[in-house]
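Q: Predicted coordinates and the sequence they were generated for:
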Amino acid sequence: MTANTDAAPISTATSFAELGLLPELLKAISEQGYSEPTPIQRQAIPAVLARRDIMGSAQTGTGKTASFALPILHLLSPHASTSPSPARHPVRALVLTPTRELAVQVEASFRAYGKHVPLRTAVVYGGVDMDPQIRAFHAGVEIVVATPGRLLDHVRNKTANLGRVEILVLDEADRMLDMGFLPDIKRILQQIPAQRQNLLFSATFSDEIRRLGGELLTRPILIEVAARNTAAETVSHKAFEVSGDDKHRLLAHLVKSRDLKQVLVFTRTRLGANRLARALEKDGINATAIHSNRTQAEREKALADFKVGDVRILVATDVASRGIDIEDLPIVVNYELPFSPEDYVHRIGRTGRAGSSGEAISLVEPDEHKLLADIERLLKRSIPRETLTIPGDREREGRRPASPRPAEHAHAHATTHHRAAPAQRAPRAAPVATDGFDFSKPYEPSAAPTSSKVGEATHPGKAKPARQRAVLLGGFGTK
């Protein structure tokens, strides 16, 4: 493998038909409502059809998935078969993704574009029962979209045979490295043929990814639709200066005052996502969290509720956000800025997709100013800062009593003090025993009685033996 790359030829195709795709694929594309290829599709599809290795970088939402799904379906179409025999359906294309959500999205794209081509697809990820996935492998499947960990589970259990893979795709390759998947990827590479076509696609490409490409790819064609690590021009950026204690209230105010119906909010941690979702629910705003600690069923329900509008705010972590694909998502909020400026590009890539407009709002507290500066340096632009007064603050200030004039101060203080003092209650009558002992007075030892027996009492007048009583005397009998 070599690090040398070739530039992608400039394509002037204005339709998918000009790219040389099968009629069955063109029909499916039309049914999906697409008519004109995006810039990365114009460059990547001919290169993949020519069996070239690819390093493709494009902004999220520019049609990256279709740029490899369509040509893969075209290349594998000669192997399409309606035969029920598993031997006629070996795994020929393998797509690796960092998250379950992205795997589900990519596999759904393959099914949508390949609906008129008899090629089988399957999605494989962790957190769910393996049995349905095992049945899919046993029945035969040509295209597998998988997360690395669960795929290795199938390899160890010998339920997946990757010995006839012709095309390997690493999608969101930078995120897979960030999540520590490189050792798993290398183990998977040992299971597939050395002679294959390799495609690396990502919204961003770090220098580390380029080095990986140099090891993995053979004279790849480099496709960079936009400059590395840039955001879509259709997304506007704004930062609100706010203290950490006011972030939640400011977010709730923005949602309510602008009547926002669909907001994707990012936090750094799973715990933070849960806390924020609960706090918004207490404010009367339908919200839910999506992160890696939730089950797959919970994540799918959260995403489905958000898409149909049952939930107004989806609070997500960076890892779980990969694969969130919502058409015309209007706004993304960075409740906490990411430590990596590249993650900012990934986050806001959920809005402003396919040429539509979007808005990225960041709530920035004082200790996040350096993170914001790093983001501006990466984007090569300044993000406008704004301040926003929450109406509740003014109301609370309006309810505070005005300071009294000097002449009235002493009287006001005395009146306030008098009103604040609790009412004096008459003291209760002290309990008095039948023998005349007053329990409200401190204990005082009396003179020694004439009787030598303990428990006898001496009374004036008639002497009478005292009734025996159980007593607790602190320090009785000590000197």
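A: Done, it's in.

Q: any idea where the strands of the stretch 151-300 of the chain begin and end?
A: With strands called from DSSP state E, counting those that start in this stretch, the stretch 151-300 of the chain shows them at 167-171, 197-202, 221-224, 235-241, 263-266, 287-290.

Q: Turn those strands into JSON lines, columns for mean neighbour count.
A: From N, CA and C alone the C-beta is placed, and that goes for glycine too. Written out in JSON lines, the entries for the strands of the stretch 151-300 of the chain read as follows (neighbours: other Cβ atoms under 10 Å):
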{"stretch": "strand 167-171", "mean neighbour count": "24"}
{"stretch": "strand 197-202", "mean neighbour count": "23"}
{"stretch": "strand 221-224", "mean neighbour count": "20"}
{"stretch": "strand 235-241", "mean neighbour count": "18"}
{"stretch": "strand 263-266", "mean neighbour count": "25"}
{"stretch": "strand 287-290", "mean neighbour count": "26"}
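
Q: of those strands, which approaches residue 361 most closely?
A: Among those, strand 235-241 comes nearest to residue 361, with 5.2 Å by Cβ to Cβ.

Q: which helices and strands does the closest one pack with?
A: Contacts of strand 235-241 with other secondary structure elements, assessed using 3 or more Cβ pairs under 8 Å, 6 or more residues apart in numbering; DSSP states H and E, are made with strand 358-364, strand 385-386.

Q: who touches it?
A: Strand 235-241 is touched from outside by 231, 250, 348, 351-352, 357-365, 372, 379, 381, 383-388, with contacts defined as Cβ atoms under 8 Å, 6 or more residues apart in numbering.

Q: where does residue 100 land on pLDDT?
A: Note for residue 100: predicted pLDDT of 86.

Q: which residue packs closest to residue 250, ignoring adjacent ones?
A: In space, not counting the residues next to it along the chain, residue 250 is nearest to residue 242; the distance is 5.3 Å by Cβ to Cβ, 6 or more residues apart in numbering.

Q: And for that neighbour, the neighbour number?
A: Residue 242 has 22 neighbours, counted by other Cβ atoms under 10 Å.

Q: repeat for the one 3 residues further on
A: Other residues lying near residue 245 total 8 when counted by other Cβ under 10 Å.

Q: For residue 41, the count of nearby residues, please.
A: In terms of burial, residue 41 registers 26 neighbours under the definition other Cβ under 10 Å.

Q: What segments of the stretch 201-350 of the chain are helices?
A: 207-216, 247-257, 270-282, 296-308, 318-321, 341-348 (DSSP state H, counting those that start in this stretch).

Q: And the stretch 1-150 of the chain, by the same measure?
A: So, for the stretch 1-150 of the chain - with DSSP H, counting those that start in this stretch - the helices run 23-31, 39-49, 64-76, 100-113, 131-139, 148-156.

Q: Switch those over to a markdown table; also include distance to residue 306.
A: Written out in a markdown table, the entries for the helices of the stretch 1-150 of the chain read as follows (distance: least, Cβ to Cβ, whole Å):
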| stretch | distance to residue 306 |
| --- | --- |
| helix 23-31 | 25 |
| helix 39-49 | 27 |
| helix 64-76 | 20 |
| helix 100-113 | 12 |
| helix 131-139 | 25 |
| helix 148-156 | 25 |
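
Q: Would you mind saying which of the strands of the stretch 151-300 of the chain lies nearest residue 105?
A: Relative to residue 105, the nearest member of the strands of the stretch 151-300 of the chain by Cβ to Cβ is strand 167-171, separated by 9.8 Å.

Q: which neighbours does the closest one have in its sheet, and in what orientation?
A: Note on strand 167-171: by DSSP bridges, its sheet partners are strand 93-96 (parallel), strand 197-202 (parallel).

Q: before we move on, back to that, any idea which of the strands of the stretch 151-300 of the chain gets closest to residue 329?
A: strand 263-266 (6.1 Å).

Q: packing partners for that closest one?
A: Other elements packing on strand 263-266 under the criterion 3+ Cβ pairs under 8 Å, 6+ apart are strand 313-316, helix 318-321, strand 331-334.

Q: let's go with 7 Å and repeat that
A: The elements that strand 263-266 packs onto, with contact taken as 3 or more Cβ pairs under 7 Å, 6 or more residues apart in numbering; DSSP states H and E, are strand 313-316, strand 331-334.
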